[in-house]
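**Q** Take this sequence and fold it.
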Amino acid sequence: FELLDVHAGLACSACHGGDLGPSVAELALQAPEDVRACIACHDSPHAQPFAEATPEGCVACHDTQQPGFDHVPEQVVRPVHDRTDFALAGPHKELACDQCHSREGLPNGPAMSGALALSFEQRHPGRSTCVECHADPHGDAFQGGTLAQVIEGRTGCVRCHDGNALKWAPVESFDHVLATGFDLVGVHDGADCTACHKQGDGRRLGALIHPGMGESCSSCHSDPHSVDGRGSVALALRDKAFREQDCHACHNQVDFKEVLDFDHDRCGWPLIGIHERTECIDCHGPGEDVRLAAARKRNVGVKVHCAECHEDPHGKSFDQVAMPQVVEDREGCERCHGQESFRELPGGRFDHGLWTAFDLRGAHRQVRCSECHGVDEKGALKLGEFESLANVDPKAASMACEACHESPHGQCFQTAATPLEIAGKLGCARCHGEQSFRDTPRFKHEFTGYSLEGTHAELGCVLCHGALAPGATPAPRSLARLLPAAGTACADCHSDPHGGQFRSRPDPSCSSCHSDQTSFLLPAFDHTKTRFPLDEVHEPLACSTCHQSAARLGGLEAVRYRPLGIECVDCHGSVLGGSK
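**A** Okay, here's the model as predicted:
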């Protein structure tokens with residue numbers, strides 16, 4: 001080891017003995033052909049990759065002519081630099097050494113000078129990644145997350161960028177799904193990069209405009225189903241995909257407005273019957289950009305009730321405390337209605353007696369609902385009220401017939417002579433049944449105060465009551481076609497065959513003489529009750545012998561009973577006059 005240049009002036013103790021280096025005795029034991037290497041006495045400041053790139057030792061770059069060993073020609077060090085883990089290529093090849101290894105600090109670090117100048121280790125840290133010298137224009141967007149840490153053997157920035165390019169442009173084979181975990185499909189594939197990324201310096205893209213990464217649409221897009229600041233409609237729905245705001249459950253990335261094979265059942269509200277045939281906007285209304293808004297009018301729980309969308313045509317009549325709230329496990333409108341058609345009730349669902357306290361029997365069961373309740377201007381059935389009499393309570397415990405029907409009898413059966421109750425029945429039900437109002441199974445004529453006896457019992461009703469003329473219209477809602485009788489006195493129906501001969505009597509009624517209604521003839525008339533009792537001479541005579549027909553007012557004839565004289569000459573005349 002020849003002492004030349006910087007080694008020439010050193011004292012022996014600077015290299016031999018003690019802790020400074022091998023003793024002379026130790027060196028004498030080495031073979032003459034052994035050459036002393038620099039690292040035998042000096043520690044190398046270089047990182048292992050750089051040392052391994054120079055197997056010839058320090059002299060490959062350094063000489064011993066100047067102290068400090070830092071005067072290395074660039075043309076010497078550059079080939080060695082290329083053999084390390086960081087080859088000088090592309091824009092790095094054009095840089096001067098002190099642009100990266102300056103004594104005054106790193107290009108992106110604080111400047112140093114004077115006594116604070118950086119040490120060799122600080123100037124030559126063995127940097128290998130871009131971010132050690134360059135600020136990351138993407139922030140930490142590509143650190144961790146879904147980004148692949150190694151792409152085709154490349155790590156760091158060169159996973160996507162070409163390190164040899166002068167402007168660090170993205171590589172042509174940039175794979176967005178591999179680099180970010182988000183595949184550009186449909187409209188995303190045609191979108192400009194700056195639509196999602198902030199514009200950086202030059203051609204560098206900044207971080208994402210919207211926070212978050214991955215497959216969640218809500219990371220970048222606002223929820224189009226959010227209404228009135230109430231949050232997403234999806235959060236109130238039953239389906240897990242909606243609750244987690246998984247837009248892919250319904251939408252695709254080719255056209256976000258297109259929803260194929262949407263299953264409304266997933267909302268917790270299956271579309272059945274008329275709902276299935278209804279257009280979406282009829283319930284949801286047109287939203288912004290044809291987006292559907294929430295269907296429900298109020299912010300309620302998951303279970304949907306008819307009243308949330310439909311006005312109650314019954315005016316809450318069926319929601320009162322007295323009404324059953326659950327019928328065969330059905331609640332609300334479904335207690336009676338189905339979803340096929342709201343105007344038609346499924347068979348057997350509606351129990352008129354249960355809901356109105358008025359059971360439909362007989363003829364009432366055959367009548368259409370609209371005949372009693374009427375319809376509105378839209379043709380919808382008006383329930384909860386009556387078409388005939390609006391002041392009648394439809395939930396009254398007892399519904400009188402006259403609430404809907406006019407009495408064809410007037411006040412005939414409201415007299416003191418008429419019983420108020422017959423066989424436990426009141427009102428019209430005293431006589432009429434519900435199978436047919438013309439059928440009167442319980443009617444007896446004595447209910448009118450006039451019993452039918454004898455000949456009257458055998459007569460047809462129309463002989464006394466008459467009948468409507470052909471084509472005449474009966475009273476509204478009345479099936480009766482009989483007219484009220486003229487009265488109960490004989491003279492009300494029968495003309496007087498006696499021409500008024502008995503009007504002056506104390507009892508001018510027919511019954512004073514005619515007590516038998518089987519025949520109005522008087523075969524056993526008691527003549528003793530008259531002013532002229534019949535003696536043995538007159539009794540055998542026929543009545544017509546004395547009571548003969550005579551003319552009366554109007555030219556009609558009637559048998560003359562009174563006034564007749566009771567003296568002999570009144571009938572037989574005077575003997576002197578020659579009368580018989």
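
**Q** longest helix anywhere in the protein?
**A** Criterion DSSP state H: the longest helix present in the chain is helix 74-82.

**Q** ok, then the element right after that helix?
**A** For helix 74-82, the succeeding helix or strand toward the C-terminus, using DSSP states H and E, is helix 120-123.

**Q** And that next one, what's buried?
**A** Arg123 (16 or more other CB atoms under 10 Å). For glycine as for every other residue, the C-beta is placed from the backbone atoms N, C-alpha and C.

**Q** swap in stretch 42-60?
**A** 46-47, 50, 53-54, 58.

**Q** before we move on, what about stretch 271-282?
**A** So, applying 16+ other CB under 10 Å, buried residues of stretch 271-282: Leu271.

**Q** returning to that earlier point: touching the longest helix of the chain from outside, list them.
**A** 50, 53-54, 60-61, 87-89, 96-97 (CB atoms under 8 Å, 6 or more residues apart in numbering).

**Q** ok, now with 7 Å
**A** Under the criterion CB atoms under 7 Å, 6 or more residues apart in numbering, residues 53-54, 60-61, 88, 97 lie in contact with helix 74-82.

**Q** before we move on, the earlier item: for the buried residues of stretch 42-60, work out which two are farthest apart.
**A** Greatest spatial distance among the buried residues of stretch 42-60 (CB to CB): Ala47 and Cys58, at 14.2 Å.

**Q** now stretch 30-46, how far from the centre of its chain.
**A** 89 Å (CA atoms, centre = their mean, to the nearest Å).

**Q** next one: stretch 328-339
**A** For stretch 328-339, the distance to the chain centre is 15 Å (CA atoms, centre = their mean).

**Q** residues of that stretch that come out buried?
**A** 332-339.

**Q** I'd like those laid out as JSON lines, including distance to Pro125 and secondary structure.
**A** As requested, the buried residues of stretch 328-339 are exported to JSON lines (distance: CB to CB, whole Å; DSSP: H, G, I helix; E, B strand; the rest coil):
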{"residue": "Gly332", "distance to Pro125": "76", "secondary structure": "helix"}
{"residue": "Cys333", "distance to Pro125": "78", "secondary structure": "helix"}
{"residue": "Glu334", "distance to Pro125": "77", "secondary structure": "helix"}
{"residue": "Arg335", "distance to Pro125": "81", "secondary structure": "helix"}
{"residue": "Cys336", "distance to Pro125": "84", "secondary structure": "coil"}
{"residue": "His337", "distance to Pro125": "81", "secondary structure": "coil"}
{"residue": "Gly338", "distance to Pro125": "80", "secondary structure": "coil"}
{"residue": "Gln339", "distance to Pro125": "75", "secondary structure": "coil"}
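
**Q** middle-most residue in the chain, spatially?
**A** Val304 (4.9 Å; CA atoms, centre = their mean).

**Q** Could you find the closest non-adjacent residue to that residue?
**A** Trp269 (4.9 Å; CB to CB, 6 or more residues apart in numbering).

**Q** that older thread, out of the buried residues of stretch 328-339, who's nearest Gln65?
**A** For those, the nearest to Gln65 is Gln339 (101.5 Å; CB to CB).

**Q** what about that closest one, distance to His275?
**A** 6 Å (CB to CB, to the nearest Å).

**Q** Also Leu184?
**A** Distance from Leu184 to His275, by CB to CB: 39 Å.

**Q** swap in Ala195?
**A** 39 Å.

**Q** Equivalent analysis for Met323, please.
**A** Taking CB to CB, one finds Met323 at 25 Å from His275.

**Q** what's the answer for Pro45, then?
**A** For Pro45, the distance to His275 - CB to CB - is 81 Å.

**Q** pLDDT (mean, whole number) over stretch 561-572?
**A** Mean per-residue pLDDT for stretch 561-572: 85.

**Q** repeat for stretch 183-200
**A** 81.

**Q** Equivalent analysis for stretch 443-456, please.
**A** On average, stretch 443-456 scores 82.
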